[in-house]
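>>> Build me a structure from this.
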Amino acid sequence: MLLAGLAACQKNDASAGQTSTKLNDLSQQAGQKLDQAASYVGQQVDAAKATAQQNLDTAASGPSINLDPNALASQARANLDNAASATNAAVNKAMGSTGAGLETAGRKLQQWSNEASTTSAQSAPTESSDAQKQMDK
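As a prediction, this is how the structure comes out:
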């Protein structure tokens, strides 16, 4: 019986040792999982920092505004030349339309004048014959 008691104690000691080993294993596994989680979070934070820095760098290196007086003067001159050309074309068109209108009016005036002369010439003998009749009285 004593032997059985000792055997039972040894068995309990062995179980306690195994439990301690299992706890150590679980503790190590939990520590590894925490390390993995911390590493993942660190990677995500680093990626977010890198993206933010890249966005800042991109924004800072965006197009800058350079005002070159010669380029501005050249562009202004080109715009002025274009405006003058367009104005000249509009004035020429207006003059052409006005000239055509004046030409038409001149022709109508000549036509009216010719008609008036013809009518006057035809009625002139009648007037002179009326005048002759008056004188004959």
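>>> next one: the strand or helix carrying residue 49 to chain centre, how far?
Mapping residue 49 onto the secondary structure by DSSP states H and E places it in helix 2-60. Put simply, helix 2-60 sits 55 Å off its chain's centre (CA atoms, centre = their mean, to the nearest Å).
>>> so where's the chain shaky on pLDDT?
For the chain, the stretches with pLDDT under 70 are 1-18, 62-64, 120-137.
>>> related to what we said a few turns ago, now the element after the helix holding residue 49, going C-ward?
According to DSSP H and E, the helix or strand after helix 2-60 is helix 69-136.
>>> Are there helices or strands packed against that next one, and which ones?
In terms of contacts (3 or more CB pairs under 8 Å, 6 or more residues apart in numbering; DSSP states H and E), helix 69-136 is packed against no helix or strand at all. Where you see a C-beta, it was placed from the backbone N, CA and C, and this is true even at glycine.
>>> Relative to residue 73, how far out is residue 84?
16 Å (CB to CB, to the nearest Å).
>>> ditto for residue 83
Using CB to CB, residue 83 is found at 15 Å from residue 73.
>>> go on, residue 101?
According to CB to CB, residue 101 stands 42 Å off from residue 73.
>>> wait, what's in contact with residue 90?
When the contact criterion is CB atoms under 8 Å, 6 or more residues apart in numbering, residue 90 has no partners at all.
>>> give me the number of residues near residue 32?
Residue neighbour count, defined by other CB atoms under 10 Å, stands at 10 for residue 32.
>>> for residue 65, same thing?
Counted by other CB under 10 Å, the residues lying close to residue 65 total 4.
>>> so how far is residue 73 from it?
Taking CB to CB as the measure, residue 65 falls 17 Å from residue 73.
>>> go on, residue 80?
10 Å.
>>> if we can go back for a sec, which other helices and strands contact the helix holding residue 49?
The contact analysis (3+ CB pairs under 8 Å, 6+ apart) places helix 2-60 against no helix or strand.
>>> mind starting the numbering at 4 from now?
All set: I'll call the first residue 4, so the last point we hit is now helix 5-63.
>>> Flag every buried residue along stretch 24-37.
Judged by neighbour count using 16 or more other CB atoms under 10 Å, stretch 24-37 contains no buried positions.
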